[in-house]
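Trainee: Please work out how this folds:
(chains A and B)
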Amino acid sequence: MIDLSLSDKHLEVYSKLEQIVGKEYISDDPSIRIVHSRDQSPFANLKPIPPEYVVLPENTEQIQEIMKISNEYKIPVVIQNTGVNASGACVPEETGSILMHLRRLNQIIEIDDLNMSATIQPYVSYADLQVETMKKGLWLPSPAAPSTVGVISNMLFCGMTWCMVKYGYERRSIICMTWVTPKGEIIKTGSSAVGNVGKFWWNGPGPDLKGILTGAIGELGICTEMTVKLYPWVGGSQLKPGELAENTKILTISFRKGERMIKALQELSRANIAVALTKMPLVWSIMGIPKYLETSKKMWEKKEQIEPIMNYFVFVCIQGITSEKQIEYCEKIVRQIAKETRGMVIDPETMSLPLDQFDPDFKPEENLSEFFRAKISPRIMRFKGGFMPAFFPQEPIENALKSAELMENTLKDSPIYPQDLFSSCVVPVDMGHFGLHELDIFYDQNSPEELKACLDFAVKVQRLSQSEQDTWPPHSEWRSYHWDVVKDIPEFAILKSKSEKIKNLFDPNRIMNPGKWLK
Amino acid sequence: MTIDLDEYYKIIRNCSKCAMCRNMSPWDMGSLEFKDICPSGTRFLFEAYFAPGKMEITRALLDNDIQYSERLEHIIFACPLCGGCQAQCDEVNIIKPLDVLQELRIKYVKAKGPLEAHAKFAESLKELHNPYNEPHENRLNWLPKNITFNEDAKIAYFVGCTSSYRREEIAKAMVNVLDSLKVEFNILHPSEWCCGSPLFMTGQIDAGIELMKHNLEAIKEKGIETLVFSCAGCYKTFKETYPKYVGDLKFNVYHFTEFIADYFKKNDIKLKSFPKSITYHDPCHLGRHSKVYEAPREVLKQIPGIKFIEMERIKENAWCCGAGAGVSSAYKDFAYWTATQRLKEAESTGADILTTSCPFCITNFLETSKISKSSLEIIPLIKILEEVIK
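Mentor: Numbering: from 1, shown residues only, chains lettered A, B, ... in the order given. Reported below is the predicted structural model:
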């Protein structure tokens, strides 16, 4: 049974919150609260805890007032935005919480097409923003997540995109922020901090505060408005499912050896020609699409046989941003690099993909179009019911093979679910300065054993990566359980101590989304 | 067979909460203004009103974590069961939220009984075979004097309650069109009873099954081989709901748009010009529930002079009119609010006329347009056909 009891001061607090948001926008009904007790992640599934109050503030001022109440009564506040791809970050860890849902802050405030930026509220998703900006020949690259993810929360969680080789991590696109601290104060960052000069510059006067505010999994306050960079878009304003955007081409290169693939990833990144670049197991292209469900099952059963021939695939997306000739030019370079690294560019018209043996009608472009507006992530979750990135290091690209080997070895020793893992993807970042490596693990949300095993495996593989090859274990979306992973490393003890000081400075009552970043 | 919630428990629990079901397909979105797909969640805002919330509530009820409450009743019934969520979920997952919600209503009614408003029309249905508390003998009052039926015809027109008692112009137009096209047809009256849709959609399943049995017997007795409908709700009930209880039907069912589209393909019909700009609303029962999207468009595009303009949310992504599944009777304001959103979208196309192929949608749009002072003319598609086929 999930505990839905109410605290002693419930009526008093409820009344004060109701005065702030209005009767229609607050509830303590069990049926409203229960839906916020868990999400699809193992974190929240193992121990669901509902909030005591659910409130829907309308604006920054109401959020400030709610924070004052929560400080007065020392009640934890959990923020939920779209709630997508948040892996337990938006559900309570303690009883008695206020769940603040940001659904009513859903406006695109401005699109500045001259200076290529958009100012948005939290509930604006990538799909929302892209729909409006693509009409103006601009876009913010899609997350490697459902396009229903909120832009602001993805930025603050350091979400990734398929286009990081060109545009970097999502957080690099933050220009200005309006931020309500846990104490209810307002912080503005970037050029918006100095009055009406405009929202165009991120390194506002003095230190760049956005660095502190991102990556804290909501523990340092609530961003109620953000100005983000936009980038040129030539793919047309209406995307079509299963088709590539206009002025766009995706080339698929197959390699027999991992070393050559790594060399190609580095060379392709350095050439600065790709909008999106990733090493991705080909199986990801098919997994989870409803019409390929049976095919996926067959592939799953033959994983051991098919994985070696499908592992070393690189997808390069090029666009004619300045002209159609740009595509021709970029393709020439891609083909040249493929030749030099002994990769084979797959021509879908004349060559068959390994997946054809399972489904001759398979069309890879059906999912590769997901580079631009994603549905694939929820499909992947569906394969068993839930998934989590069990291993998520950012590392030099040349480390990818070593990391993959480490994961394989760990899996071989693991008594749990090796059959439920497929090889990982590698996404080069910032013209190849480093890469992001991701290994996903799949589980059934109905099985506590599988959920626990996922967390155990994630800790184990990350601890090994840290101790055996100095790989940065999780990427910058640092979660509280990661402190356990690194607890024996002196440098991390220092980092944790400094983090605690920052937390105490911002949130002396420790009420803001507790338990997500720090323990 | 319908789904068994207990057996379905594991699937419900595996909802990934990806939120695809909150909006129309991200691939098809045309603007931020017209992107919502879920009237219930969009209007009442709490996550509990969206499909992932309702899945969690279903799980919680099955686990006895929560009990029935006034709010829970509202969450379960203030929803037109439009299936927008399921259409989106089918693209990415296997949760089937619409099917789950229908079962949830059955479970609720078994535990707590029907809502007062729903019990009211159930009573009328039991006694008078229609939900409008109208005498059964008046069911054919709309019939034009020039129309005669062929008692030996194998084709029958199933009129439905709304066209019989509230939107008589639709029933008249339907028989006039069939007559003009020289279709030999019959009707079931006096044996035609309500199809049962209002009961099936509000969890009153046993009473719905009684009506179904009666109608199927009446069709059998008349030797009907093809049944044609002017109501999307009746059509859906026969096509999708009845087979869940009795297996495949022994006769063919066609919505009039399918019937006419097919007729136009096989016959060279000269139609009068209709020089207006028109946009079309996909009724949920015809579109998402029965997967009939093209037939009404094919029919409209056959009419000379029409300038056909699509709204942003069409076919699988269509925004509901808001009236269905007992919402209009129990939560009138919500039904009007939902229709208002659709009227705004229709107006944004610049069309003169909003048309659709369901009398229930038409009724809600007409009532709402009076309140919202919409500039649109709202005309049933069958009326347009009546005018151009004459």
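Trainee: Sketch out the low-pLDDT regions of the stretch 351-500 of chain A for me.
Mentor: Residue ranges of the stretch 351-500 of chain A with pLDDT under 70: A:351-370, A:373-383, A:411-423, A:469-477.
Trainee: Show me where it has its helices.
Mentor: A:365-368, A:376-382, A:400-413, A:448-469, A:482-485, A:490-506 (DSSP state H, counting those that start in this stretch).
Trainee: Next, the buried residues of the third one.
Mentor: This points to helix A:400-413. Judged by neighbour count (16 or more other Cβ atoms under 10 Å in any protein chain shown), helix A:400-413 contains these buried residues: A:400, A:403-404, A:406-407, A:410-411. Heads up, the C-betas are built off the backbone N, CA and C, glycines and all.
Trainee: between that helix and helix A:448-469, what angle do the directions make?
Mentor: Here the directions of helix A:400-413 and helix A:448-469 differ by 130 degrees (axes from the mean of the first three to the mean of the last three Cα atoms, to 10 degrees).
Trainee: what about helix A:400-413, distance to the chain center?
Mentor: 23 Å (Cα atoms, centre = their mean, to the nearest Å).
Trainee: so what secondary structure elements neighbour it?
Mentor: Applying 3 or more Cβ pairs under 8 Å, 6 or more residues apart in numbering or on different chains; DSSP states H and E, one finds that helix A:400-413 contacts helix A:258-270, strand A:434-443, helix A:448-469.
Trainee: Could you chop chain B up by domain?
Mentor: Following automatic domain parsing, one finds the domains of chain B at B:5-113, B:117-263, B:270-389.
Trainee: average model confidence for the first one?
Mentor: Meaning domain B:5-113. In this model, domain B:5-113 has an average pLDDT of 93.
Trainee: So what's the residue count around the closest residue to B:L128 other than its chain neighbours?
Mentor: With sequence-adjacent residues excluded and distances taken as Cβ to Cβ, 6 or more residues apart in numbering or on different chains, B:L128 is closest to B:H136, at 5.3 Å. Other residues near B:H136 number 15, with proximity taken as other Cβ atoms under 10 Å in any protein chain shown.
Trainee: For the stretch 51-200 of chain B, which residues are neighbours of chain A?
Mentor: Residues of the stretch 51-200 of chain B lying close to chain A (Cβ under 8 Å from any Cβ of the partner chain) are B:52-53, B:56-57, B:60, B:63-67, B:69, B:71-72, B:75, B:90-94.
Trainee: you'd agree the residue nearest to B:L128 is up against B:P190?
Mentor: Yes: with contact taken as Cβ atoms under 8 Å, B:H136 and B:P190 are classed as touching, separated by 7.1 Å.
Trainee: Find residues that contact each of these two.
Mentor: Among the neighbours of B:H136, none is also in contact with B:P190 (Cβ atoms under 8 Å, 6 or more residues apart in numbering or on different chains).
Trainee: quick one on the thing from earlier: out of the residues of the stretch 51-200 of chain B next to chain A, name the ones that lie in helices.
Mentor: Counting by DSSP state H, those place B:52-53, B:56-57, B:60, B:71-72, B:75, B:90-92 in helices.
Trainee: Turn those into CSV, columns for neighbour count and distance to B:K126.
Mentor: CSV is the format used below for those (neighbours: other Cβ atoms under 10 Å in any protein chain shown; distance: Cβ to Cβ, whole Å):
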residue, neighbour count, distance to B:K126
B:P52, 27, 37
B:G53, 22, 34
B:E56, 26, 35
B:I57, 26, 30
B:A60, 24, 33
B:R71, 16, 30
B:L72, 23, 27
B:I75, 24, 28
B:D90, 19, 36
B:E91, 19, 40
B:V92, 24, 42
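Trainee: Distance check, the nearest residue to A:V194 once chain neighbours are set aside against A:R342.
Mentor: The shortest distance from A:V194 to any non-neighbouring residue, by Cβ to Cβ, 6+ apart, is to A:P205 (6.1 Å). As for A:P205, its distance to A:R342 is 52 Å (criterion: Cβ to Cβ, to the nearest Å).
Trainee: cool, and A:Q466?
Mentor: When A:Q466 is compared with A:R342 (using Cβ to Cβ), they lie 34 Å apart.
Trainee: With neighbour numbers in mind, choose between these two.
Mentor: For A:Q466 versus A:R342, the count of surrounding residues by other Cβ under 10 Å is larger for A:Q466: 19 against 13.
Trainee: so that one makes contact with A:V485?
Mentor: Yes: the pair A:Q466 and A:V485 qualifies as a contact (Cβ under 8 Å) at a distance of 6.8 Å.
Trainee: For the residue of the stretch 251-390 of chain B found nearest chain A, list the residues it contacts.
Mentor: Nearest residue of the stretch 251-390 of chain B to chain A, counting by Cβ to the nearest Cβ: B:E312, 10.0 Å away. B:E312 is in contact with B:29-31, B:34, B:345, B:348, counting by Cβ under 8 Å, 6+ apart.
Trainee: can you do 10 Å?
Mentor: Contacts for B:E312 (Cβ atoms under 10 Å, 6 or more residues apart in numbering or on different chains) come out as A:131, B:24, B:28-31, B:33-35, B:318-319, B:345, B:348-349.
Trainee: go on, B:I353?
Mentor: Shown in contact with B:I353 (Cβ under 10 Å, 6+ apart): B:274, B:276-280, B:306-307, B:309, B:346, B:376-379, B:381, B:384.
Trainee: Also B:S164?
Mentor: B:130, B:132, B:134, B:136, B:138-143, B:170-171, B:189, B:192, B:194, B:231, B:359.
Trainee: hmm, try it at 8 Å
Mentor: Contact partners of B:S164, counting by Cβ under 8 Å, 6+ apart, are B:130, B:134, B:139-142, B:171.
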